[in-house]
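Novice: What shape does this take:
(one chain, ligands or ions: 1)
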Amino acid sequence: MTVEAENVVPNSCPSLGPETKLNSTDSQQNSQTSSDSKLGSQTSSDSEHTDSSIDSESQQFVVRNSKVQECMSNREGWYSKSKNYWKEVPSTVDGMLGGYGSLTQSDLLSSAQFLAKLFTGLNTERALDCGAGIGRVTKGLLLNIFDQVEMIDTCQEHLESAREYLGEKMFARVPAQHCCGLEDFHPEPNTYDLVWIQWVIIYLSDYDFIALLARFKKSLKKDGYIVVKDNVTKTGCELDDKDSSVTRSDYQLKQIFKRAGLELIVDSYQKDFPRELYKVKYYALR
Ligand SMILES: C[S@@+](CC[C@H](N)C(=O)[O-])C[C@H]1O[C@@H](n2cnc3c(N)ncnc32)[C@H](O)[C@@H]1O
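Specialist: Take a look at the predicted model:
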């Protein structure tokens with residue numbers, strides 16, 4: 001569903017339909033609880049290279065953790081927790097970054113360098129900011145490069161803050177705000193030069209994440225890219241029960257990209273973040 005920027009309305013996107021509840025087949029990994037901050041701190045995790053033998057029943061999952069699989073299978077419960085969590089978070093840069101607002105400049109500068117170095121041939125008409133929140137990335141990165149940027153977020157309050165945060169002039173170049181969970185978002189084909197997905201994939205079940213990426217692939221214009229920028233664990237996944245989020249490893253993310261039919265063009269790490277935080281990685285895909 002596309003909603004004009006002036007008229008943000010609550011989510012009424014079509015659902016993908018119910019997930020099949022699957023048996024958990026592998027409990028080799030223990031679930032872990034990460035810190036409160038969504039930038040999060042790195043905790044220990046487990047071996048994960050059991051994915052190569054995925055049985056037919058757990059095709060929906062890349063993570064091999066029975067508790068995480070169980071939580072993700074309860075679609076309504078899974079998404080309502082994160083939605084409720086984000087409603088309570090202040091619509092500020094600090095809120096968007098879980099108290100690490102001071103990292104915003106370093107984050108945005110590094111993202112600009114990533115885009116500049118890699119995408120000299122990129123068309124710059126229209127981008128989509130996924131899990132856009134108040135528009136921190138829209139304002140500090142995407143609108144500096146693209147003529148127009150659409151925003152999508154599940155939280156209406158954050159999207160409504162964007163007008164003031166961006167200012168009228170910049171906001172005029174936001175043709176649409178989609179107040180919608182990414183799991184329910186069905187973009188038009190051949191629409192975006194860039195789909196930017198930063199610090200939001202932890203809220204998607206494996207199944208929905210794979211399906212979403214496959215839809216985004218179709219939504220790309222010629223020479224377009226999808227960029228995922230997010231925290232990665234050293235190995236295995238880490239569940240945060242409080243807001244239904246799961247931080248995945250580099251290995252698991254690459255499995256997900258593969259299953260979505262995407263080619264990984266380039267990946268790299270964010271530099272200069274505090275050591276206590278998760279490593280942050282970029283993936284450019286198409
Ligand atoms: C950590 S903030 C990141 C915001 C922004 N990407 C940034 O880097 O400043 C996560 C955002 O994702 C949104 N979000 C959480 N679950 C979502 C979902 N399923 N679909 C779309 N947005 C979601 C939250 O409302 C919040 O605004």
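Novice: what about the helices in this protein?
Specialist: Applying DSSP state H to the chain gives helices spanning 66-73, 75-87, 93-96, 104-118, 136-140, 156-166, 168-171, 206-219, 250-259.
Novice: Stretch 178-191 and the ligand, are they touching?
Specialist: Yes: judged by CB under 6 Å from any ligand atom, stretch 178-191 comes into contact with the ligand at 181-183. Backbone N, C-alpha and C define where each C-beta goes, glycine included.
Novice: Repeat that for stretch 63-74.
Specialist: No: Stretch 63-74 lies apart from the ligand when judged by CB under 6 Å from any ligand atom; the minimum separation is 12.3 Å.
Novice: Give me the buried positions along that stretch.
Specialist: Using 16 or more other CB atoms under 10 Å as the test for burial, stretch 63-74 gives 63-69, 71-73.
Novice: wait, which of the residues of stretch 178-191 next to the ligand is closest to Trp199?
Specialist: Nearest to Trp199 out of these is Leu182 (CB to CB; 12.3 Å).
Novice: my guess is that closest one contacts Leu204, does it?
Specialist: Yes: taking contacts as CB atoms under 8 Å, Leu182 lies within contact range of Leu204: 6.2 Å.
Novice: joint contacts of those two?
Specialist: Counting by CB atoms under 8 Å, 6 or more residues apart in numbering, the common neighbours of Leu182 and Leu204 are Leu212.
Novice: Report all helices and strands that the worst-scoring helix or strand of the chain on mean pLDDT contacts.
Specialist: In the chain, the helix or strand scored least confidently by mean pLDDT, DSSP states H and E is helix 66-73, which has a mean of 87. Helix 66-73 is packed against helix 75-87, strand 238-240, with contacts defined by 3 or more CB pairs under 8 Å, 6 or more residues apart in numbering; DSSP states H and E.
Novice: rerun at 7 Å
Specialist: Counting contacts by 3 or more CB pairs under 7 Å, 6 or more residues apart in numbering; DSSP states H and E, helix 66-73 packs against strand 238-240.
Novice: What is the distance between the strand it packs on and the centre of its chain?
Specialist: Distance, stretch centre to chain centre, for strand 238-240: 15 Å (CA atoms, centre = their mean, to the nearest Å).
Novice: Repeat that for stretch 237-245.
Specialist: On CA atoms, centre = their mean, the centre of stretch 237-245 falls 14 Å from that of its chain.
Novice: for stretch 249-259, same thing?
Specialist: On CA atoms, centre = their mean, the centre of stretch 249-259 falls 14 Å from that of its chain.
Novice: Enumerate the positions of that stretch that are buried.
Specialist: Buried residues in stretch 249-259 (16+ other CB under 10 Å): 249-257, 259.
Novice: Now do it: everything it contacts.
Specialist: Applying CB atoms under 7 Å, 6 or more residues apart in numbering, the contact partners of stretch 249-259 are 48-49, 51, 62-63, 206, 209-210, 213, 232-237, 264, 281, 283, 285.
Novice: filter those residues to the buried ones?
Specialist: So, by 16+ other CB under 10 Å, the buried ones in these are 48, 51, 62-63, 206, 209-210, 213, 232-233, 235-237, 281, 283, 285.
Novice: Having no further points to raise, I will conclude here.
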